[in-house]
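Enquirer: got a predicted model here, sequence first, then my questions.
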Amino acid sequence: MFDAVPPAETQPEEPVDPIGLFVTRPQDGEVTAGGNITFTAKVAGESLLKKPSMKWFKGKWMDLASKVGKHLQLHDSYDRNNKVYTFEMEIIEANMTFAGGYRCEVSSKDKFDSSNFNLIVNGKMNSFFLLLHSTEGLDESGELNFSALLKKRGDGKSDSQPDVDVWEILRKAPPSEYEKIAFQYGITDLRGMLKRLKRIKKEEKKSTAFLKKLDPAYQVDKGQKIKLMVEVANPDADVKWLKNGQEIQVSGRYIFEAIGNKRILTINHCSLADDAAYECVVAEEKSFTELFVKEPPILITHPLEDQMVMVGERVEFECEVSEEGATVKWEKDGVELTREETFKYRFKKDGKKQYLIINESTKEDSGHYTVKTNGGVSVAELIVQGKLKARDQAVFKCEVSDENVKGIWLKNGKEVVPDERIKISHIGSTDLLLIRNTQTIFFFAFLKEPPKIHLDCLGQSPDTIVVVAENKLRLDVPISGDPTPTVIWQKVNKLLFESEGRVRVEKHEDHCVFIIEGAEKEDEGVYRVTVKNPVGEDKADITVKVIDVPDPPEAPKISNIGEDYCTVQWQPPTYDGGQPVLGYILERKKKKSYRWMRLNFDLLKELTYEAKRMIEGVVYEMRIYAVNSIGMSRPSPASQPFMPIAPPSEPTHFTVEDVSDTTVALKWRPPERIGAGGLDGYIVEYCKDGSSEWTPALPGLTERTTALIKDLVTGDKLYFRVKAINLAGESGAAIIKEPITVQEIMQRPKIWLPRHLRQTLVKKVGETINIMIPFQGKPRPKISWMKDGQTLDSKDVGIRNSNTDTILFIRKAELHHSGAYEVTLQIENMTDTVAITIQIIDKPGPPQNIKLADVWGFNVALEWTPPQDDGNAQILGYTVQKADKKTMEWYTVYDHYRRTNCVVSDLIMGNEYFFRVFSENLCGLSETAATTKNPPKIFWYKNKVDLSGDAKYRMFSKQGVLTLEIRKPTPFDGGFYTCKAVNERGEAEIECRLDVRGNQINIMDNINFAGKNQQ
C-alpha cells in the first residue's frame, strides 16, 4: 500500500509512543525553598516479564539511590488491575542546591527508556553549575548534597602514572570537561573515579613493612590480565589483599604469589567489576592503589541510512554498535542533541541497536545527523518535504520484484487511465506515475503476488542452523507477497505467538524475525515457518541444533598409589555437548588448599593418566575437565582424598632377648625409613623348622618393639620374623636366620651396678631414695639386701624385685638411713654381690663459744669453735654478719669463711654492734646462728662520785686494759677511785686509793673482765 498524499492533519490528545515504556513521564516542577515536591513516573507492565529497574539521576551521572535519607525518599508500587508500575521520587525540605536537571531511566532486560525533567527552587540558578564548582563535602547524615562529587583535585603528583594518563588528565582538566573525557576514554563510572581520585595520597610516607609499595593507579583493558606487586621487608610476612575494603579470596580469577620479598596479586580476565580500590595489608601498614578498567572502543557495525519523509511523519534513525548498552552521542549538524522539555528527540537502546526518534518531523529537522562512539562515527541525511499543493507536479514510483510483472495504478479503487495530464510508464522493475496539476487525492499501487519465503538454505540438505548454548539466535526470514502475507511459526505442532520472552517472533512487512535469547538444549528441533495470503501459501522447515560444552565427567578414581605417584581413571561425560570430546584436562590440589594446579598442557586422549612428582604424606584431590570444540566443561567433583605413601623398610636389629621352656622374648628397632604414612604397628610370625607355613605369634598388630611369645612347645625349633605395617602395606621381613630351640638356658647371676651408684650416694634429709639395680640370671635368682651386715627392716625401707631388676625405695630419708648396703643374687651355688654407700646429710648446728677477743679503734676481733652437730657432712665454712644496734639490720661481712676467728673492720666509733656466725655444709647454712652479747659499760667513780662528765679525766679501753688519766693532778685529786663494769648478766667493780705527792700521776690498774664481764 502506498500513500501519495497524506490526509488532513488531526491533532490527538496525547501522542502514542509505540516504543517507549513510560505511560506517564515526570513533569517539570517548581517548589519554594523548604517545601516538598514529588515526581511520578508510570511504566506499562503488561509486556514485561518481571518488575523493571528504575534509576533516578541528577544531571547525567549522579545516581540518587545512594542519597536516600532526610531530604530524599524513593517509592514504588504496582497496580495489578491496570498492570502499571508507579515510581515516585519525593524531595523533602528542598534547598537551593537541589535545583537543576534530573533524569529517570527504566530498563527491563533488552528494553530501555528514559525521561528528563527539571526542578526550579525559587527560580535560582541551575544547580548543575553548583554541582561542578561547589567545594562542600558529602553529607554523611543522609542530606541530599551533591556539591562535592566532582570536586577538582589539587596539583599533587603521584609517583607513577597509568599507561594512558587518564588520572592525570582528570586532575588537570576543568570540571566542565569531565563528561567529554569520560566519553572519549570509555569511563562508565565518572563519579566513582572522581571520588577515588581524591583519595590518592600526595606523598608516600616511609614504610617499615614495605620496600616498594603499589603505584597510585593502574590501568588495564577489559578482558586482559594485570599483576599488582609489592615488595615487603620481611620475606616471611603474611599479606592480605583487599578490594573496596573486602578481603579477596583465592579463585580462578584472583591468584596470589609469594616470591622472596615480592607479593603479587594477578587478576585474570578483568571486567568492569574489577574497577575498584585495592589495598595490600602487612601487619598494621597498608599500600593503596586504584585500578581503572578501560573498555574497548565501541565500533559502529551497521551505519545510519539517509531518509526522506513528509512533514509530520515519524522519523527513526537506527544504527548497530559492537556492544550492548553502549553509550553513544547524537549530533545534528555538529550540535549535540539532548532530551529537551518538549521531548522532540527520543533515544532508545535495544541490545546493540541505537535509535534516534523524532515523533513529528518539521522542515527544521532536515540536516545531517551523526552518531558517535569512542570508536567510530556514522552520518546520515534527513530530508523533510512539505505537502503537495495544487498545480504542482507529482511523481509516484514503485519497484516490483519481477521485471516481467506490470503494476496496475488505481485511484480510489478504480484503475487509472493515462491521458494528457497523467502519464504511466514501466521501465525494468520500476513503475512510474506522473500527474500534472495535482489535486488533493489519494493514489496507491496494487499488485497481487503469491507469498514466498526467501532463505538461502532452502533446498540444501541438511538445512540446519547451529547455535552455541547461552548465545543469542536471531534468524531473519525475508518474505514477499501482495497482499502482505500472514506469518506462522510452529515447533512440533506448537504455535509460537509470543512477541516477548526468551523465545519470541517479531513480524514485519517484508520479513519476520525468530529470536532465541540464551539458547538451551530444549530449544533444539525443527521449526516450520508458514506464510499465507489470499493468493497462496509457502512453507519452510528450519532445523535448530544447540551445541554446548560437555557435561562435567564423574569424579575420577585413584588407584596404584605409590611414594610420589598414582594412577587416575575416569569415564567420558554423559553428554558431549553435541560435539565430539577432543580430550581432557586434569587438575590437582592439596586438600587444605584452594589452588588447583593443571597437570597437562596437551589434551589427554586416554581415560587414564599417571600423575607424578607429588609429596609423600600430603593429602591430594584430583578433578577432570572434558573439552570439545565449544570449550571446556565445568570441573568434575573432586576425587576421594588420597595420600602418596610407600611401605616402610624392614625393622632392624631383630634379636632373641630371652628363651624359656614355653616362651621366647624378642626385640627389634624401628625401620630406618618409616615414611610420611607413619607406622601402624608390627606383625610377628613364627615358622617351625622344616615347614614353610608362617603362623601369627600375636593377635593383631603390636606397637611395641618387643614381644613375648607364649604357650610354645618345649623343644620345638622355630624361625621368627617381624614386619612393619602402615597405610601403604607391609615392609620386608626381618628374619632370625638360625632356628631357636624353645628350652630354658642356665645363666650365671650378674649385677649391673649403675655408674652413679659406684660412689657414695648423697641425699638430704626428707628426700626420696629410689635405687634400681638391673641384673641377669636364669632361672630367676634369689635376691637379698643387707645394711651394715644386718638384714633390712621392711617397715622402714621398701624392696621390689622383678625378673630383671631390684629396687630399694625410701619415701623420706633420715640420718639413720646412712650406711653401707649390700645386694646379693643367688642361683643354686652361684652368687654375685655389690655394695652401695648411702650418706644422708642435714643442716649443721650453730658455731659454739663465740666471743669478742678484742676491740680497738674501728675493729673487732671475733673467735668461735666449730658446731657440735655437723649434719653428717663436712663443714664447708662460716658466714659472719654484723648489725648496728640502732637499726638492727644484718649485713654479711664474710661468707664461705673457713677459719674460726676473724677481724671485723670499718666500724663506726661510738656505735654499738652485734655479731653472729652461721655454719655451712652441703645442705646449706645452719638454722640458727651464734650471736655476741652486748659489751659491758665502764663507769669511773671518785669517792662514789661519777667522773663521766668531768673534762679533767680521760678514760681509755684497749685490749681489755682500762685506763683513767688525770690531767695536772693536785692534792685535791687524792682519794678512793672505783672502776665499775655493767652488762645484762651483772656487774663488777674494783677500788683503789690515790695519794698525790708530785706534779702528775697516772693511775693504771689492769682489770680482767674475761670471765663474767665479757660473757
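Expert: Right, received. Where do you want to start?

Enquirer: tell me how many other residues crowd residue 330.
Expert: 19 (other Cβ atoms under 10 Å). (Each C-beta comes from the backbone N, C-alpha and C, glycine too.)

Enquirer: list the contacts of it.
Expert: 336-337, 345, 347, 356, 369-372 (Cβ atoms under 8 Å, 6 or more residues apart in numbering).

Enquirer: quick one, which of the residues you listed are buried?
Expert: Buried subset of the contacts of residue 330 (neighbour count, 16 or more other Cβ atoms under 10 Å): 337, 345, 347, 356, 369-372.

Enquirer: stretch 105-116: which residues count as buried?
Expert: Quick answer for stretch 105-116 (16+ other Cβ under 10 Å): 105-108, 110-116.

Enquirer: looking at those residues, which are in strands?
Expert: Here DSSP state E is the test, and the buried residues of stretch 105-116 give 105-108, 111-116 as lying in strands.

Enquirer: quick one: pLDDT of the nearest residue in space to residue 837 that is not next to it in sequence?
Expert: For residue 837, ignoring the flanking residues on the chain, the nearest one in space by Cβ to Cβ, 6 or more residues apart in numbering is residue 760 at 4.5 Å. If you check residue 760, the pLDDT there is 90.

Enquirer: for residue 266, same thing?
Expert: 91.

Enquirer: that one sits in which helix or strand?
Expert: strand 262-267 (DSSP states H and E).

Enquirer: after that strand, which helix or strand is next?
Expert: Per DSSP H and E, the first helix or strand lying C-terminal to strand 262-267 is strand 277-282.

Enquirer: what's the helix or strand that that following strand is followed by packed up against?
Expert: Note on strand 277-282: by DSSP H and E, the next helix or strand toward the C-terminus is strand 285-294. Helices and strands touching strand 285-294, by 3 or more Cβ pairs under 8 Å, 6 or more residues apart in numbering; DSSP states H and E, are helix 166-172, helix 190-199, strand 217-221, strand 226-232, strand 277-282.

Enquirer: ok now strand 285-294, how far from the chain's centre?
Expert: Strand 285-294 has its C-alpha centroid displaced from the chain centroid by 18 Å (Cα atoms, centre = their mean, to the nearest Å).

Enquirer: same check, this time on stretch 797-810
Expert: With Cα atoms, centre = their mean, you get 60 Å for stretch 797-810.

Enquirer: and that stretch, what's buried?
Expert: Neighbour-count burial for stretch 797-810, counted by 16+ other Cβ under 10 Å, picks out 797, 806, 808, 810.

Enquirer: I'd like to know which of the helices and strands packed on strand 285-294 has the weakest mean confidence.
Expert: helix 190-199 (a mean of 64).

Enquirer: show me what contacts residue 648?
Expert: Applying Cβ under 8 Å, 6+ apart, the residues near residue 648 are 671, 673-675, 677, 679, 724, 726, 731.

Enquirer: swap that for residue 704, please
Expert: So residue 704 contacts residue 682 (Cβ under 8 Å, 6+ apart).

Enquirer: residue 225 contacts residue 265, correct?
Expert: No. The pair residue 225 / residue 265 is not scored as a contact, 11.3 Å apart, by Cβ atoms under 8 Å.

Enquirer: who has more neighbours, the two?
Expert: residue 265 (20 against 13).

Enquirer: from residue 718, how far off is that one?
Expert: 67 Å (Cβ to Cβ, to the nearest Å).

Enquirer: same check, this time on residue 919
Expert: Residue 919 is 68 Å from residue 718, by Cβ to Cβ.

Enquirer: between the two, who's got more neighbours?
Expert: Applying other Cβ under 10 Å to residue 919 and residue 718 shows that residue 919 carries more neighbours, namely 26 against 20.

Enquirer: surely the more buried one is in contact with residue 864?
Expert: No. If you go by Cβ under 8 Å, residue 919 and residue 864 don't touch, sitting 9.2 Å apart.

Enquirer: between these two, which contacts overlap?
Expert: Joint contacts of residue 919 and residue 864 (Cβ under 8 Å, 6+ apart) are 847, 878.
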